[in-house]
Each structure stands twice: as C-alpha cells, then as structure tokens.
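Participant: 3D, please:
(chains A and B)
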Amino acid sequence: MHEHSVALSIVETALRHAAGRKVESLTIEAGLFSGVFADSLRFYLELLFEEQGQPIPNFHLSSPPARCRCECGSEYPLSVVLDGCPSCGGHRRTLLTGRDCVLVSMEVADA
Amino acid sequence: MPEILSVKSSAMAKNDLVAAENRAWFRCRGMRALNFISSPGAGKTSLLEAMAARLGRKLGVITGDIQMTFDADRIAKAGAQAVQIETGGSCHLTAEQIRKELLARPWDGVETMVIENIGNLICPSTYELGEFFKVALLSVTEGDEKPAKYPALFLRAEAVLLTKIDLLPHVNFDVARAERDCLKLNADAKLLHLSCKTGQGLDAWMDWLSKRPV
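Facilitator: Numbering: from 1, shown residues only, chains lettered A, B, ... in the order given. A predicted model of the protein is given here:
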C-alpha cells in the first residue's frame, strides 16, 4: 500500500527531470529488501500519470538480486532472502544494494 | 530519437532528507530515538505502558494509528509524554509527520523518544523517521515464519522482541526457527523474550536499551 507514496515520489522526480518534455519510459529497480511490490507500484504509477493528465509511459520494472559482501570477503548476488554466502555459507554480510527502490533512468521525447 | 536521462534517484530520497534533520534534532538534545514496528496487536502499546511506568516523563512517545487516540491516552495515563498522529488511512508514518510533532511541543525532560509506528509489518520498514534504530516486535501468536516472510523489517531491526512469551505453551511457535531466521537476516540482531503480562524480560530490555550507545 505504501507503493502509492513510492510512486508519487517517482512521478515527481520524473516530471522534474523531464522539464515539460513527454516521458516515454521509466526504468525502475525495486530492491530485494525495498518492501516494494512491482505490480502494485505499476498500478499507482499509471494512476498518477493519468491524474496529472500525462500520457502513460512504458515502465521497465525489475527486482534485481541484492549485492552482498560477506565477512569472508566474497561479494555475491542474493535473490533468496534467507540464503547464505555461496563461498562460506555465512550470513554476516553487508548489503551493498537492495534496500532502495530506485528510478534508474528515463527516456524523454525530443523537445 | 528519445533522449535517455540517467536519474539514479531513490524513491525515499525526500523522506530520508527530513529523517536526517529529525536525527540531528534528537542528537542535539541527547535523546535516544527508536522506531517500534510490528503487526497490529503485537504489544507495542503494552510495552510502552510498562516503559512509561519505569521512565515516567523521561519517556516521550509519538504514536501513529490510522484513526483513534486510544494508544496515546493509554501511554500518557501510564506516565509518559505522548502524542498521537492519526494518519487517516496511510499505512506508515513519514519523517515529515514526525518533524511536525517534534516542533509542536517542548518535550521537556525526555531522554528516550519512541516512535510507535502503524501496526504493519511491511510499509513502515523502509521509511526512515530519524530514529537511531528500529525495534521489531513479534508476538508468539503470529507465527514463527514471519521473519522470513517480512525480510525488509527483520533485516533492518536492531532488536527483535518476541512478545507474549507467556503464551508459548498454548501456541505452536518454534522459537528456534524464528530466531534462526532473524539472525540470517541480521546476524547482529539482539533477541529478547518478553511478556508484559508477567513482566518477564522487561529488566533485560530496559538494561539493553540503557546500555545501547547512541
């Protein structure tokens, strides 16, 4: 349900960067631990663009694995939250990515 | 040809900025600030009543609910300084809502500020409010699989309190499994067993809280 506030923030940022130009597409990554559900986010994004009287862009939404650094030194992608380090099996790790929901890039029409 | 713009902006950026201001506000006043997160009915308010009985007006509480002010009333009656935010439907508190409450009253003498979030295991997890750390409450009546199902919270919680532990003989809750999963998500999580009904674990919780560096 908080996807509504997440979508609101993304739409604000996108329209600011577009500076009046038509937004053609948005590329968004919802991290493994971002708590954001992609389908729900898409629903609110469409709704908000519509409310703003804007054409609905294409959304490229993905949930990439989180990047972790284990205390054993290895770095690895994590896609199953309870999995351990593939090298040592441990769980004492630093999360390098995966907490955030990020508007990575966008396409805008020529001015 | 459309132009591609690199943005790389977190959806939380605006909220995080205000959260950082709140954190600075707490630091300037030497207050420790915590964010209590759990499902509805896990015992956040009961724990806050028990804490209020010990800390009195040194405890400040900002409590969020979709509607009604029962929680703030209960906590204030127990002796703490408490204020209610009614979100009117929103499923989590935001840093901006907390900022307004911090500025709206003197909070004289408060040493520990607890933000009691909306009862919800998902949405509040990713909204920083300016707290120094998050505390997850998980009651044994909810089920031992909750840490695995709601990793966004249990990854971020510095302490996990298993509440209503006095009910353990009456429910099928595998403490070892719940705790193992908590530690897989956060290897440094402090795990405590608590019952507000019997008082079990309250001393250990208050002791950990008072010693946790801020």
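Participant: Show me what from chain B comes close to chain A.
Facilitator: Neighbours of chain A within chain B, by CB under 8 Å from any CB of the partner chain: B:1-15, B:90-92, B:94, B:122-123, B:125-127, B:148, B:151-153, B:155-156, B:181, B:183-185, B:187-188. Backbone N, C-alpha and C define where each C-beta goes, glycine included.
Participant: Derive a ChimeraX selection command for the buried subset of those.
Facilitator: Buried residues among these (16 or more other CB atoms under 10 Å in any protein chain shown), as a ChimeraX selection:
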select /B:5,7,9,10,11,12,14,15,90,91,92,94,122,123,125,126,127,148,151,152,153,155,156,181,183,184,185
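Participant: Show me the residues of chain B next to chain A that map onto helices.
Facilitator: B:13-15, B:148, B:151-153, B:155-156, B:181, B:183-185 (DSSP state H).
Participant: Do a quick rundown of the strands in chain B.
Facilitator: Here chain B has its strands, by DSSP state E, at B:3-10, B:32-37, B:59-65, B:81-86, B:112-116, B:133-139, B:157-163, B:190-193.
Participant: With chain A instead?
Facilitator: Counting by DSSP E, the strands of chain A are A:23-30, A:58-62, A:66-70, A:75-78, A:93-95, A:101-108.
Participant: Tell me the residues of chain A that contact chain B?
Facilitator: Within chain A, the positions near chain B by CB under 8 Å from any CB are A:1-2, A:5-6, A:9-10, A:13-14, A:17-18, A:21, A:24-25, A:32-36, A:81-82, A:84, A:90-93, A:95, A:99-110.
Participant: Filter the residues you listed down to the buried ones.
Facilitator: Neighbour counting with 16+ other CB under 10 Å marks A:2, A:5-6, A:9-10, A:13-14, A:17-18, A:21, A:24, A:32-36, A:81, A:84, A:91, A:93, A:95, A:99-103, A:105-108 as buried within those.
Participant: Tell me which residues touch the residue of chain A most remote from its centre, please.
Facilitator: Largest separation from the mean C-alpha position in chain A: residue A:88, at 29.2 Å (CA atoms, centre = their mean). By CB atoms under 8 Å, 6 or more residues apart in numbering or on different chains, the residues touching residue A:88 are A:70, A:72, A:74.
Participant: returning to that earlier point: kindly present the strands of chain A as TSV, with separate columns for distance to residue B:163 and mean pLDDT.
Facilitator: Shown next, in TSV, are these (distance: least, CB to CB, whole Å; pLDDT from 0 to 100):
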stretch	distance to residue B:163	mean pLDDT
strand A:23-30	30	97
strand A:58-62	36	97
strand A:66-70	29	98
strand A:75-78	29	98
strand A:93-95	27	96
strand A:101-108	30	98
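Participant: Which one of these lies nearest to residue B:210?
Facilitator: Comparison of these against residue B:210 by CB to CB identifies strand A:93-95 as nearest, at 27.9 Å.
Participant: Now do that closest one: everything it contacts.
Facilitator: Here strand A:93-95 makes contact (CB under 8 Å, 6+ apart) with A:33, A:66, A:67, A:68, A:69, A:70, A:71, A:85, B:155, B:187.
Participant: can you rerun that using 10 Å?
Facilitator: A:31-33, A:66-72, A:74-76, A:78, A:84-85, B:155-156, B:184, B:186-187 (CB atoms under 10 Å, 6 or more residues apart in numbering or on different chains).
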